[in-house]
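1. Dropping a prediction and its sequence here:
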Amino acid sequence: MKIEISNKKISEVAADIKIVFVVNKDLDHKSVEDKETLEFLGFKGEGEEACLLADKKTVYVGIDSLDADEIRLGASKAINVIKSTTAKSIKIGTYSDDCPGVNIKAMSEAFILGSYSYQNYKSKKKPLNIETITICTDDYSRPDVSMQSAQKAIKVGTTIAEATNFSKNLVNEIPYEMHSLKLEEIAKSLESIPNVTCKAYGKEFLEEQGMGAFLAVNRASHIPPRLLHVVYKPSNAKEKFVYVGKGLTYDTGGLSLKPGDYMVSMKSDMGGGAAVLGILKGAAELELPYEIHAIVGATENAIGPEAYKPDDVLTAKNGTTIEVRNTDAEGRLVLADCLAYACEQKPDYLIDMATLTGACVVALGDYTTGVMGHSSELKHSLMKSANKSGELTGTLPFNRYLKKLLKSSIADVSNISSSRYGGAITAGMFLDNFVEDEYKDKWLHLDIAGPAYVEKDWGYNQCGASGAGVRMNLYWMIEKSKEEDK
Ligand code: BES
Ligand code: ZN
Ligand code: ZN
């Protein structure tokens, strides 16, 4: 599917179908040529409402405002309607607000995100008929949409959305296929992008590094662990972003076995790993001026005679001893060693991403990422970019009293809290034990347990994986690079 820009008026461009946004129920706007028919059909132009007028070859979609996320919702809604027709070409106006590039970028993102579908295991696949989408600078957009800036906006939006879809593919794949060695193959394939290199470390390396926590989680699996370390290092690199992703290719819960209902969808427990790989891919393709590391702790949490047990005591890379009281709190064990390793990379920003706790979903709901860390400024900075990207975030504040709930009588720390409340925060505070003092204020913990995998369609996301975290981090780095240019 190709997205292109045209400086012609929309009426002068040939296409099989036209998308018209009805902004804030304004059916009197001159772009709405079929007001009477729409009113007859009861179409009001409310947010996410769509109406296909087949004989007019037009899809009308209601959006509440010209905000970027309204544009995304409208564009993906239109794509959903058009997908079921035979239309190959689409045309649409620019719907620019103050800053034209923003909405062209958002529109491009939504076309790519909205047309995604995961059909690997369907015996009858539905191909996408849509081949080209032409965004026209028409009568209703501001005259200052330069072709060059519009083309750049399309490129950036497309790259961000494709990186997100890349992550979705990794998460949607079945666990039998998507194991640590497959993830290694995929991480290595990123080396085809200029300035990207990948190293994959196995059991021996983890042993040498003293990664006793990571190794314990892997013990019952017949597939070896992998610590994947992908680096994008352009010659003009400014600061260093080190991303760490939870790459649990399946989480049975281990001996503290999950009940059947809760185990379903745990193929998504590598959502953090998939996200950090997607971020690195997107950033490298956009040639962002940063050194970016994506570190993934990849293993499954299985059961078997070799399985680590509640009551075991593990020693992590940084020497901290951990009492295991629940083998289902495994992600934090893998991240403990990966975070200690990540600190050795001397990051300017250290961000871990993980489907870490059900408690985060209880606190914030399915769609929102939990943001934790010590620096309010850092949290705020990322959350501002997340908002622009259309991803939802909420902060969960650390506090000294919750940290005390992780005390252990036999080891330095327990892998679960003694209280059932505040579980997302106590998990974050557990991780804090593995972030060196020097990096405490540079560290963010993103719990994506809610949005990484949702079993229903929502907005421009389909049932299944959403690539949570990819867009917000790419937006964040892009904005940072612009600020530094000023
Ligand atoms: N992978 C799960 C967390 C999860 C839950 C992700 C729901 C996505 C959706 C994690 O490893 C886990 O099992 N956490 C436990 C922690 C508990 C034992 C302290 C949980 O959340 O129940
Ligand atoms: Zn678990
Ligand atoms: Zn898990």
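-> Nice, I can see it. Because the structure is predicted, anything quoted here is derived from the model rather than measured. Ligands and ions are numbered 1, 2, ... in the order given.

2. residues in contact with the closest residue to residue 102 other than its chain neighbours?
-> Distance criterion Cβ to Cβ, 6 or more residues apart in numbering; nearest residue to residue 102, sequence neighbours excluded, is residue 68 at 5.5 Å. For the C-beta atoms, the positions are set from N, CA and C on the backbone; glycine is no exception. Going by Cβ atoms under 8 Å, 6 or more residues apart in numbering, residue 68 touches 102-103, 105-106, 388, 390.

3. got it, and residue 263?
-> Residues in contact with residue 263, defined by Cβ under 8 Å, 6+ apart, are 251-253.

4. burial measure for the residue nearest to residue 457 when sequence neighbours are not counted, as a count.
-> Once flanking residues are discounted, residue 457 sits nearest to residue 463: 5.4 Å by Cβ to Cβ, 6+ apart. Using other Cβ atoms under 10 Å, residue 463 has 14 neighbouring residues.

5. again, but for residue 71
-> Residue 71: 27 surrounding residues under other Cβ under 10 Å.

6. where does it land in three-state SS?
-> Following DSSP: H, G, I helix; E, B strand; the rest coil, we place residue 71 in the helix state.

7. what's the pLDDT at it?
-> With respect to pLDDT, residue 71 scores 96.

8. residue boundaries of the helices in the stretch 101-250 of the chain?
-> Ranges of helices in the stretch 101-250 of the chain, per DSSP state H, counting those that start in this stretch, are 147-172, 180-189, 203-208, 212-218.

9. Repeat that for the stretch 351-486 of the chain.
-> Assigned by DSSP H, counting those that start in this stretch, the stretch 351-486 of the chain shows helices spanning 358-364, 376-389, 400-404, 423-432, 470-485.

10. still on that earlier bit, mind listing what the residue nearest to residue 457 touches?
-> For residue 463, the contact set (Cβ under 8 Å, 6+ apart) comprises 454-457.

11. Who is the residue of the chain found nearest ligand 3 paired with across the strands?
-> Closest to ligand 3 within the chain is residue 251: 3.7 Å, counting by Cβ to the ion. Beta-bridge partners of residue 251, counted by DSSP bridges, are residue 301.

12. pretty sure it is touching residue 271, no?
-> No - taking Cβ atoms under 8 Å as the definition, residue 251 is not a contact partner of residue 271, at 10.9 Å.

13. More neighbours: which of those two?
-> Neighbours were counted for residue 251 and for residue 271 using other Cβ under 10 Å; residue 271 has more, 30 against 27.

14. How confident was the prediction at the more buried one?
-> 99.

15. CA atoms only for the worst-scoring helix or strand of the chain on mean pLDDT, dumped as PDB, please.
-> For the chain, the helix or strand with the lowest mean confidence is helix 100-114, at a mean of 92 (criterion: mean pLDDT, DSSP states H and E). Output of helix 100-114 as PDB, limited to C-alpha atoms (Å, rounded to 0.1, in the frame of the first residue of the first chain):
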ATOM      1  CA  PRO A 100      -0.100  20.600   8.600                       C
ATOM      2  CA  GLY A 101       2.600  17.900   8.900                       C
ATOM      3  CA  VAL A 102       1.200  16.600  12.200                       C
ATOM      4  CA  ASN A 103      -2.100  15.500  10.700                       C
ATOM      5  CA  ILE A 104      -0.600  14.100   7.500                       C
ATOM      6  CA  LYS A 105       1.700  12.000   9.700                       C
ATOM      7  CA  ALA A 106      -1.200  10.900  11.900                       C
ATOM      8  CA  MET A 107      -3.200  10.000   8.800                       C
ATOM      9  CA  SER A 108      -0.400   8.000   7.300                       C
ATOM     10  CA  GLU A 109       0.100   6.100  10.600                       C
ATOM     11  CA  ALA A 110      -3.600   5.300  10.900                       C
ATOM     12  CA  PHE A 111      -3.800   4.000   7.300                       C
ATOM     13  CA  ILE A 112      -0.900   1.500   8.000                       C
ATOM     14  CA  LEU A 113      -2.000   0.600  11.500                       C
ATOM     15  CA  GLY A 114      -5.700   0.300  10.500                       C
END
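
16. Just the angle for that helix relative to helix 470-485, thanks.
-> Helix 100-114 and helix 470-485 are oriented at 160 degrees to each other (axes from the mean of the first three to the mean of the last three Cα atoms, to 10 degrees).

17. got a list of what residue 429 touches?
-> By Cβ under 8 Å, 6+ apart, the neighbours of residue 429 are 398, 402-403, 406.

18. so which of the contacts of residue 263 comes closest to ligand 1?
-> Nearest to ligand 1, judged by Cβ to the nearest ligand atom, of those is residue 251 at 4.6 Å.

19. tell me, how many neighbours does the closest residue to residue 170 other than its chain neighbours end up with?
-> Excluding the flanking residues, the one nearest residue 170 by Cβ to Cβ, 6+ apart is residue 274, at 3.9 Å. As a burial measure, residue 274 scores 35 neighbours (other Cβ under 10 Å).

20. Remind me what the host helix or strand of residue 274 packs against, helices and strands.
-> According to DSSP states H and E, residue 274 maps onto helix 271-285. Counting contacts by 3 or more Cβ pairs under 8 Å, 6 or more residues apart in numbering; DSSP states H and E, helix 271-285 packs against helix 147-172, helix 180-189, strand 226-232, strand 240-251, strand 291-301, strand 349-354, helix 470-485.

21. try 6 Å
-> Other elements packing on helix 271-285 under the criterion 3 or more Cβ pairs under 6 Å, 6 or more residues apart in numbering; DSSP states H and E are helix 147-172, strand 226-232, strand 240-251, strand 291-301, strand 349-354, helix 470-485.

22. okay, the angle between it and helix 147-172?
-> Using the same axes, to 10 degrees: helix 271-285 against helix 147-172 is 150 degrees.

23. before we move on, back to that, so which of the contacts of residue 263 also contact ligand 2?
-> Counting by Cβ under 5 Å from the ion, residue 251 from the contacts of residue 263 sit close to ligand 2.

24. Of the contacts of residue 263, which is the nearest to ligand 2?
-> Closest to ligand 2 out of the contacts of residue 263 is residue 251 (4.4 Å), distances taken as Cβ to the ion.
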